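Chemist: Okay, predicted coordinates and the sequence, questions at the end:
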Amino acid sequence: MKHVSIRTDVALAPFTTYKVGGEARWYAEPYDLEELRSILDVVPADTKIVILGRGSNVVVSDSGIDGLVVRLGGAFAAVDVTQHSQVVAGGAVALPKLARLSAEAGRSGLEFYVGIPGSVGGAVYMNAGGHGADTASVLLNAVVVDLGTGHLSIRDVASLGYEYRHSNLASSDVVVQATFAVSEADPEELTATLREITQWRRTNQPGGSLSAGSVFKNPPGQSAGEIIDQCGLKGLSIGGSQVSDKHANFVTASTGTSARDIFLLVAQVQKKVLEMTGIKLEPEIRFLGEFEVSGDVS
Ligand SMILES: Cc1cc2nc3c(=O)[nH]c(=O)nc-3n(C[C@H](O)[C@H](O)[C@H](O)COP(=O)(O)OP(=O)(O)OC[C@H]3O[C@@H](n4cnc5c(N)ncnc54)[C@H](O)[C@@H]3O)c2cc1C
């Protein structure tokens, strides 16, 4: 049996869109299912395990992660667009790539993923969405490996407890593959839609700076960005992190910013919004590793 190789003290910042944070005490990039399941044999049962996708929704602590960080390797990056009514993609596939390959093959339904810089696994876990669709509305099922037991299951979409930016997947569940429902359409029209979505993002979201997308979930029927804007918080900054002038629900970071700066700014926005409106914004981004308790974002 093949075993995955475990590296120590691996810098995590390059694996995230914020490009901040420390090292993983242990790090594994299992190439395929066999290597993924071998993790059970090579790490003690009580090891803290963190699954990282394309790191586009996380802030890794400056002190890193005192545990094992797992990122899916090469065999999980395959996409099958040959079937008429479904597209099958590995957990490591980048969402913009999934959108493009599907559109080029005349498979409609996954266009909204073109502007979301995460992975298929991260999207299934987070119920990523935008432009009137979300993962729950296009997913048929996901293949999940429980790293606690090694058990593999095919989870029907109805069993995933989907809500807005939420699934009931446990932190030990690794999404290794997903099957999406699609319909047939003209590839040129689909490609034009991708261009429109990309253009909309360029116009409405801060480009060229480091971020993890929307920081807070939208409260029911409201826009977190509008609430933050109405509180006059655009431009608020700590260190190199700043509430974007373009979209108030984005906290951008300049090169050299610390994870602590981002954490403190997010905590401050949450506190000020609560004081001014009575609304407690719930973070959408995930803080991984240890962050100081004062100003905790919960
Ligand atoms: C510029 C920008 C724009 C964005 N726009 C949107 C948007 O429009 N809509 C939206 O929903 N999000 C958006 N995001 C956020 C982000 O891209 C999504 O949440 C995405 O689904 C995260 O995927 P990821 O692979 O990067 O996950 P990560 O950030 O690596 O991880 C996020 C969570 O998913 C878990 N996870 C990752 N991979 C797996 C896996 N294989 N199995 C199980 N769990 C896993 C992690 O443990 C973690 O808890 C944006 C981000 C950026 C930077």
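Modeler: Yes, it's here. Since this is a predicted model, take the numbers as computed values, not measurements.
Chemist: Please, where are all the strands along the stretch 1-150 of the chain?
Modeler: 6-11, 23-28, 49-51, 58-60, 65-70, 79-80, 86-90, 107-108, 129-130, 133-134, 139-146 (DSSP state E, counting those that start in this stretch).
Chemist: Can you say which of those strands is nearest to P283?
Modeler: For P283, the closest of the strands of the stretch 1-150 of the chain is strand 58-60, at 9.6 Å, according to CB to CB. The way it works is simple: take the backbone N, C-alpha and C, and place the C-beta from them, glycine included.
Chemist: what does that closest one rub up against?
Modeler: Here strand 58-60 makes contact (CB atoms under 8 Å, 6 or more residues apart in numbering) with 12-13, 16, 18, 20-22, 52, 212, 259, 262-263, 285-289.
Chemist: same check, this time on stretch 269-279
Modeler: Stretch 269-279 has contacts (CB under 8 Å, 6+ apart) with 215-216, 219, 222, 227-228, 230-231, 233, 236, 243, 251, 280-281, 283, 295, 297.
Chemist: Point out the residues in the chain that sit beside the ligand.
Modeler: Within the chain, the positions lying close to the ligand (CB under 6 Å from any ligand atom) are 17, 51-58, 72, 91, 116-119, 121-123, 125-126, 128-130, 173-175, 211-213, 286.
Chemist: Okay, now the unreliable bits of this structure?
Modeler: Scanning the chain for pLDDT under 70 picks out 293-298.
Chemist: do that again at 50, thanks
Modeler: Residues of the chain that meet the criterion pLDDT under 50 lie in 295-296.
Chemist: residues near the residue lying closest to L140 once chain neighbours are set aside, how many?
Modeler: In this structure, L140 finds its nearest non-sequential neighbour in T179, 4.5 Å apart by CB to CB, 6 or more residues apart in numbering. When neighbours are counted by other CB atoms under 10 Å, T179 registers 19.
Chemist: The one 3 residues further on now?
Modeler: The number of residues packed near V182 is 21, by other CB under 10 Å.
Chemist: cool, the one 10 residues further on as well?
Modeler: A192 sits with 13 neighbouring residues when counted by other CB under 10 Å.
Chemist: Work out for me the element it sits within.
Modeler: Assigned by DSSP states H and E, A192 falls within helix 187-204.
Chemist: Can you list the buried residues in that helix?
Modeler: The neighbour-count check on helix 187-204 (16 or more other CB atoms under 10 Å) flags 190-191, 193-194, 197, 201 as buried.
Chemist: Could you say which helix or strand holds H247?
Modeler: Applying DSSP H and E, one finds H247 in no helix or strand.
Chemist: hang on, isn't I228 packed against F250?
Modeler: No: taking CB atoms under 8 Å as the definition, I228 is not a contact partner of F250, at 9.6 Å.
Chemist: joint contacts of the two?
Modeler: V243.
Chemist: Between those two, tell me which one has more neighbours.
Modeler: Each of I228 and F250 has its neighbours counted (other CB under 10 Å); I228 has more, 28 against 20.
Chemist: Can you get me a residue count around the closest residue to E282 other than its chain neighbours?
Modeler: Once flanking residues are discounted, E282 sits nearest to K217: 4.9 Å by CB to CB, 6+ apart. Residues near K217, counting by other CB under 10 Å, number 17.
Chemist: of the residues of the chain next to the ligand, buried ones?
Modeler: The neighbour-count test (16+ other CB under 10 Å) marks 17, 51-58, 72, 91, 116-119, 121-123, 125-126, 128-130, 173-175, 211-213 as buried among those.
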